[in-house]
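Chemist: Give the three-dimensional model of this entry:
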Amino acid sequence: MKLVTTPAIRTALFIFDKVLIEHSNISVNPAPADTGIVFKRNDLKVSHGDTIIKANYQNVIKSDLCTKIANENNISVSTIEHIMSAFHGMKIDNAIVELDTDEMPILDGSAVEYVRGIESVGVKYLSSKKKIIRILRPIIFRNNESYIKVQPSEEFQIDYTINYDHQSIKTQQFSFNLDQEIDYKKIISNCRTFGFKHEVDYLREKGLIAGGSFDNAIVLDDHGIMNKNPLRQEKEFVKHKILDFIGDIFLLGSSIKGSFEIYKGGHRLTHDLMKSIMSDDSNWIFEDHTPYNLKLKNIDYIEEVSVAI
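Modeler: Okay, the predicted model is just below:
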């Protein structure tokens, strides 16, 4: 994939090859402070309201094998977790994602192409204060044997464990601190989505993962990994789960200070956790941080990038 940069234009433009998502253009545009992340469907028109969908946990309508959000007009976009992970990992607070399709492109199955696009155009530091959600007390959210334990912390820390009855995965555990931006780029952003062949077949039947192939996912069957190319990293499976969690938890609408211990998590568990956290004001509080702390600045895009295969 080749990145072509046009400087000094206040737009970040991503044009994806039709092999990945046929006949669709996706642009990421700068937005004023306190806009948050929003998606705008340019392929649809409605008689009342608009086609803008705010990236917020309250707008999630589906979270089984991917994350799907919709607005009050039932205008939706699915598979947003990878671009949301890139925004969160790269400290992007405000952006408008315009698209002419109902699903974000899978690209290579990770968030690395979004990260490269952000790096190639640069960012703009806004003068307004950045809002942070601080966890105030321990929370445990369980669903059968799966759980997420949340503790107050000065940083956003993740300890994730997965356990699959499959010879290529088995039990994997990894700890990660999102406040280290360079670590997100190097350790998390290029870890690909994975699934079992029967799951891939199901998603295709539902019209999802357009353009999905062995080039953008790790696919497993009963005998092992079906891909010819090797894994990109040690523990790539659990690291991709962390990538997804970083994207999904950003649907809270702000960065977060808290420590998360996750066992056999997933999109739905994270969504249910967010609803549980926000349902009780004693669980959390908003904090404002001045823009002079480089780690905590509001950021948006300032230039243009075109992506071509």
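
Chemist: Need the outlier residue of this structure, farthest from its centre.
Modeler: Centroid-distance maximum for the chain: S47 at 30.7 Å, with C-alpha atoms, centre = their mean.

Chemist: Helix, strand, or coil at it?
Modeler: At S47 the chain is in coil, as set by DSSP: H, G, I helix; E, B strand; the rest coil.

Chemist: how distant is stretch 77-92 from the center of its chain?
Modeler: Counting by C-alpha atoms, centre = their mean, to the nearest Å, stretch 77-92 is centred 3 Å from the centre of its parent chain.

Chemist: Kindly report the same for stretch 47-64.
Modeler: The mean C-alpha position of stretch 47-64 is separated from the chain mean by 15 Å, C-alpha atoms, centre = their mean.

Chemist: Name the residues that touch it?
Modeler: Residues outside stretch 47-64 that contact it (C-beta atoms under 8 Å, 6 or more residues apart in numbering): 36-42, 44-45, 67-73, 75-78, 80, 84, 248, 250-253, 266-268, 270-271, 274-275, 278. Glycine gets a C-beta too; all of them are placed from N, C-alpha and C.

Chemist: tell me which residues in it are buried?
Modeler: Using 16 or more other C-beta atoms under 10 Å as the burial criterion, the residues of stretch 47-64 that qualify are 51, 53, 55-57, 59-60, 63.

Chemist: can I get the CA coordinates of that stretch in PDB?
Modeler: Extracted in PDB, the C-alpha atoms of stretch 47-64 (Å, rounded to 0.1, in the frame of the first residue of the first chain):
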ATOM      1  CA  SER A  47     -36.100  13.500   4.800                       C
ATOM      2  CA  HIS A  48     -35.700  14.400   8.500                       C
ATOM      3  CA  GLY A  49     -32.600  14.600  10.700                       C
ATOM      4  CA  ASP A  50     -29.200  13.700   9.300                       C
ATOM      5  CA  THR A  51     -26.800  10.800   8.500                       C
ATOM      6  CA  ILE A  52     -24.300  11.600  11.200                       C
ATOM      7  CA  ILE A  53     -23.600   8.900  13.800                       C
ATOM      8  CA  LYS A  54     -21.800   9.800  16.900                       C
ATOM      9  CA  ALA A  55     -19.200   7.300  18.100                       C
ATOM     10  CA  ASN A  56     -20.800   6.600  21.500                       C
ATOM     11  CA  TYR A  57     -21.600   3.500  23.500                       C
ATOM     12  CA  GLN A  58     -25.200   4.500  23.700                       C
ATOM     13  CA  ASN A  59     -25.400   4.200  19.900                       C
ATOM     14  CA  VAL A  60     -24.200   0.600  19.700                       C
ATOM     15  CA  ILE A  61     -26.800  -1.700  18.200                       C
ATOM     16  CA  LYS A  62     -24.700  -4.800  17.600                       C
ATOM     17  CA  SER A  63     -21.600  -6.100  19.200                       C
ATOM     18  CA  ASP A  64     -21.200  -9.800  18.600                       C
END
